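Novice: model this:
(chains A and B)
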Amino acid sequence: MAWRIIEGNQALAIGAKLCRPKVIASYPITPSTHVPETISEFVADGELKADFINVESEQSAISACIGAQATGVRTFTATASQGLALMHEMLYIASGMRLPIVIGCANRALSAPINIWCDHSDTMAERDAGWLQFYAENNQEALDLVLQAYKIAENKEVLLPGMIAIDAYTLTHTFERVDVPSQAEVDRFLPPYKPLYAFLDPEKPITQGSFGTPEHYMEFKYSQQKAMEASKEIIDQVFKEFDGKFKRRYHKIEKYKADDAEILLLIMGSMSGTAKDAVDRLREKGIKVGLAKFTVFRPFPAKELIEIAKRPKVLAVVDRNISLGHKGALFSDATSALASMERRPLTVNFIIGLGGRDISPQNFYEIVEKSEKILKKGKVEKELEWIGVKKEMIP
Amino acid sequence: MIEETEFLAPGHRMCAGCGVALSARIAVNTAGKDTIVVSPTGCMEVTTTQYPETAWRVPFLHVAFENAASAASGIDSALKMLGKRENKNILVFAGDGGTFDIGLQALSGMFERGHKVTFICNDNEAYMNTGIQRCSATPYGAWTTTSPPGKYSIGESKPKKPIARIAAAHCIPYVATATIAYVADYQKKLKKALAVDGPSFIHVLAPCPSGWRFASDELIEVSRLAVQTGVFVLWEVENGEMENLKITKKIPQRKPVEEYLKTQGRFKHLFKPVLRKDVIGQIQAEIDKKFERFGL
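Specialist: Predicted structure coming up:
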């Protein structure tokens, strides 16, 4: 290992390099562009023995990864926003074909209006695509999650693709101190990729990408769901093994001052740092607030959430996305997971930071203030609240 | 014509008299065992790979409609990295939709990047898998379900996109046209295409009895007439030298196009209830112009 000062995109690129993918197919898109740039330099310098395909679209990037992974090699690509949306069709195909491709996504808002800044709309729009989803709080997590994602995705009980989501600019373009493991350390953690079922070998000809009739299609989807369920256990195992080797412990949901909290914030991504800071200050004032950060969103860690939700009286779910016509994605999934609880906490949804709108500690003070009122009244009057929206600007 | 081992097994679900089936069979058997077949979504893919069965005795990959060329690019790279690239063919069988229209961007990318892939377009001149809708490969005057003749329509109103010339404009090592009525010519071209170190493209006219409205035993006759009337010209371009376009099947005495059009129900509105001499004349004039322009 070695300490390095790198940006989030470099963390993804270095993480990918350490996993020794054989084929990288990529198409540049802001703010993810530094990932393919960095990887193409690794390949040009011989630091990474791989074929780097400069494709003509994101759709071809993921398609070339599917072709390569189906041939029997480890693959990687990176994208964001519109690029991920252009991959949409192929994301379902990659997971349906059980190809453990890993991609790095810079979380960027979706058009229109066109916007290059952060929110989680892009990856949330793909939450049903059958991909494992990991969200990083900082650049260290970005790098570490790439290593762990490959190990989880390639597990024979799982065989599902995975995406690591890192926030646009806040992580992609921000330099932080990152502990970069050595190649030897990573090699001891992640063995070379050996395809179990997916290969294109004339000596053992198989057909991949079959036509599935109503007689068989449903079993494929059932198997994918079973793999998602099985991955919950594998994720825990891999996180534990990673901790043993690298001394950094990941959890599907990371708790912060949550154990005695009456108000618990549910958070994802880089805003967790700001939220933790806000929690500290509010604690100084005697407010019993804590937070729970979702590192894993797919599979959805329902069991862990139910455990965490037993004590707090109010869950304030902070979503950096909105499913227009309903609520934030985390809120929807969290409340559906809590439905089976006998005594569930009050739940309220806050929409924040869309299209790169800055998220400050003040935003969290406001969220907690609103949550305190709910706590006092014992009921939720307004389930969906927008934080920091300039309503006076709307005609 | 057919090798000892059939790599496209009988018992697939393609129609009797399907030009695509015959083209694929000729091509995969010419390429042999060490071949990986890639196909976009289309007639051939849905009729040969119905789970849990497959008609393919070589490795086969289908991903989606628009991206066969990108998937094939990934295979090319992966084989290289595995040290298993030598002596292997990557053969794409795409329909006209997956080549002319939705697959064109990916195809252009694959050509430009120089992947060693032989891309075969089995052209049956409409979206047959979805039920005979027009595409940019549909010829002028043809009936399809989305270019119906009517009071204000003579059928398809646009000329066919010159896909092989578009491919050749990429200056790739080998581009040819072929059809299943001239098997020796097709096989010779396949061998050349498979031998070059880079992308190759063969545009195969593969008539569709169901969509063109002719009897399934007339497949070869219709394919031959396409060449004899000059509707479809058999040529090749080697080493990316467009100026050295070579006609591989010379037609000293072209038959009138009417003879070709008459064989197919998709053109019957040009003959009945009124003989559309104007439209047929225009189709003939376009062919004559093509022959004059290219000095055929």
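
Novice: Can you report how many residues neighbour A:G209?
Specialist: 23 (other Cβ atoms under 10 Å in any protein chain shown). (Each C-beta comes from the backbone N, C-alpha and C, glycine too.)

Novice: Now it: closest residue in space, sequence neighbours ignored.
Specialist: B:H62 (3.4 Å; Cβ to Cβ, 6 or more residues apart in numbering or on different chains).

Novice: Give me the buried stretch members for stretch B:182-196, please.
Specialist: B:Y182, B:V183, B:D185, B:Y186, B:Q187, B:K188, B:K189, B:L190, B:K192, B:A193, B:L194 (16 or more other Cβ atoms under 10 Å in any protein chain shown).

Novice: ok, that stretch near chain A or not?
Specialist: No - residues of stretch B:182-196 contacting chain A under Cβ under 8 Å from any Cβ of the partner chain: none, with a closest distance of 14.1 Å.

Novice: quick one: that stretch to chain centroid distance?
Specialist: Computed by Cα atoms, centre = their mean, to the nearest Å, the chain-centroid distance of stretch B:182-196 equals 14 Å.

Novice: about what we covered before: contacting residues around the residue nearest to A:G209?
Specialist: Going by Cβ atoms under 8 Å, 6 or more residues apart in numbering or on different chains, B:H62 touches A:T207, A:Q208, A:G209, A:S210, A:F211, B:V38, B:S39, B:P40, B:T41, B:E45, B:T49.

Novice: for B:A31, same thing?
Specialist: B:F7, B:N89, B:L91, B:T118, B:L190, B:L194.

Novice: Now tabulate the residues you listed in TSV and tack on secondary structure and pLDDT.
Specialist: TSV is the format used below for the contacts of B:A31 (DSSP: H, G, I helix; E, B strand; the rest coil; pLDDT from 0 to 100):
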residue	secondary structure	pLDDT
B:F7	coil	96
B:N89	strand	98
B:L91	strand	98
B:T118	strand	98
B:L190	helix	98
B:L194	helix	98
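
Novice: of these, closest to A:K327?
Specialist: The shortest approach to A:K327 among the contacts of B:A31 belongs to B:L91, at 49.5 Å (Cβ to Cβ).

Novice: in terms of contact, does that closest one touch B:D34 like I think?
Specialist: No - B:L91 sits out of contact with B:D34 when judged by Cβ atoms under 8 Å, with a separation of 10.7 Å.

Novice: Neighbours of the residue in chain A that chain B sits nearest to, how many?
Specialist: Using Cβ to the nearest Cβ, the closest approach of chain A to chain B is made by A:G67 at 2.7 Å. A count of nearby residues for A:G67, using other Cβ under 10 Å, gives 34.

Novice: ok but it is inside a helix, no?
Specialist: Yes - A:G67: assigned to a helix according to DSSP: H, G, I helix; E, B strand; the rest coil.

Novice: Now name the helix or strand holding the residue of the stretch 51-200 of chain B found nearest chain A.
Specialist: At 2.7 Å from chain A, B:G74 is the closest residue in the stretch 51-200 of chain B, using Cβ to the nearest Cβ. For B:G74, the element it lies in under DSSP states H and E is helix B:68-82.

Novice: what do you get for A:Q224?
Specialist: helix A:217-246.

Novice: With B:V237 instead?
Specialist: Using DSSP H and E, B:V237 falls in strand B:235-238.

Novice: So which other helices or strands are in contact with that strand?
Specialist: When contacts are defined as 3 or more Cβ pairs under 8 Å, 6 or more residues apart in numbering or on different chains; DSSP states H and E, strand B:235-238 packs onto strand B:174-179, helix B:183-195, strand B:246-247.

Novice: list the helices and strands the first one packs on?
Specialist: So the one you mean is strand B:174-179. By 3+ Cβ pairs under 8 Å, 6+ apart, strand B:174-179 packs against helix B:163-168, helix B:183-195, strand B:200-205, helix B:219-228, strand B:235-238.

Novice: got CSV for those, with distance to A:A109 too?
Specialist: Below are the helices and strands packed on strand B:174-179 laid out as CSV (distance: least, Cβ to Cβ, whole Å):
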stretch, distance to A:A109
helix B:163-168, 37
helix B:183-195, 46
strand B:200-205, 40
helix B:219-228, 52
strand B:235-238, 47
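
Novice: tell me the angle whichever strand or helix holds A:A70 makes with helix B:68-82.
Specialist: Assigned by DSSP H and E, A:A70 falls within helix A:58-71. Angle of helix A:58-71 versus helix B:68-82, following axes from the mean of the first three to the mean of the last three Cα atoms, to 10 degrees, is 50 degrees.

Novice: Distance from the chain centre to helix A:58-71, please.
Specialist: 21 Å.

Novice: before we move on, what about stretch A:41-50?
Specialist: Remark: stretch A:41-50 is offset 27 Å from the chain centroid, using Cα atoms, centre = their mean.

Novice: Give the buried residues for it.
Specialist: A:F42, A:L48, A:A50.

Novice: Give me the distance between the two termini of that stretch.
Specialist: Using Cα to Cα, to the nearest Å, the end-to-end distance of stretch A:41-50 comes to 11 Å.

Novice: just stretch A:387-395 next, same as before
Specialist: End-to-end span of stretch A:387-395 (Cα to Cα): 19 Å.

Novice: now what about the longest helix that chain B contains, what contacts it?
Specialist: Longest helix in chain B by number of residues, with DSSP state H as the criterion: helix B:277-293. Contacts with helix B:277-293, where a contact means Cβ under 8 Å, 6+ apart, come from B:139-141, B:154, B:159, B:229-231, B:233, B:254, B:256-258, B:261, B:270, B:296.
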